[in-house]
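# Sequence first, predicted coordinates after that:
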Amino acid sequence: AHSHIALLDSDDRWHANHVARMFDAFDRGFDVFFSDHAFIGDYPSCFTQRGFADGTEVAGDASLFAMTPQAALAAFLRCCPGQTSTIAWRRAIAPELRFRTDLDPAEDLLFFCALVRCARAVAYTTEVNVTRGRGVSIYTGTLDWDAPGAVKRVCNSLRMRRVVLVDGLALDRALRARIAGVAAGLE
């Protein structure tokens, strides 16, 4: 069996140093790794676009940052800085973890939250190591309110937030209140 898992969407591209950065983080003892990414024609840096600047710089590497699992969970629920093609993890921390097929779209965020909860330490790089393409996107194709699937996207986003609140996910009071507020706004 393979010791690490990394996903790559069919319309995304890993930059030449992405895999090396992943394994650098794993060699330093991190269980989950993700990188900044760009989206063709939309934003050159997800982290900049979403205001993500959490974490503590790892000594000796100005572009590698460490986060506790709780801080990573809060970041994903606040602004989802990662994307499927940017995330990699040690298989041993969550060998049975799978995407929920009943929350499409919204299953990826719930997956990321469950994944970071299994980690002892999370790392990310501020380097843009992935470029998202312009292929078929189940999620972005539903962002306009009159788009087919828009109602399903909103309903699944609400369901995902309710799952997060019911499961608890070891959330602090402020984060639970924020998620509950977003869920109430979707109702």
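All right, it came through fine.

# can you list the weak-confidence ranges in the protein?
Within the chain, the stretches falling below the threshold (pLDDT under 70) are 1, 102-106, 134-145, 150, 152-172, 175-176, 179-180, 182-187.

# residue nearest the centroid of it?
Gly82 (3.4 Å; Cα atoms, centre = their mean).

# Wait, Phe30 touches Met67, no?
No: taking Cβ atoms under 8 Å as the definition, Phe30 is not a contact partner of Met67, at 9.2 Å. From N, CA and C alone the C-beta is placed, and that goes for glycine too.

# shared neighbours of these two, anything?
Ala121, Val122, Ala123 (Cβ atoms under 8 Å, 6 or more residues apart in numbering).

# Looking at the protein, which strand is longest?
strand 122-132 (DSSP state E).

# What is that strand packed up against?
When contacts are defined as 3 or more Cβ pairs under 8 Å, 6 or more residues apart in numbering; DSSP states H and E, strand 122-132 sits against strand 13-14, helix 18-27, strand 32-39, strand 61-67, helix 69-79.

# For Arg100, which of those is the nearest?
Among the helices and strands packed on strand 122-132, the nearest to Arg100 by Cβ to Cβ is helix 69-79 (15.1 Å).

# now for that closest one, which elements pack on it?
helix 107-118, strand 122-132, helix 173-186.

# which residue sits farthest out from the middle of this protein?
Ranked by distance from the centre of the chain (Cα atoms, centre = their mean), the top residue is Asp146, with 26.6 Å.
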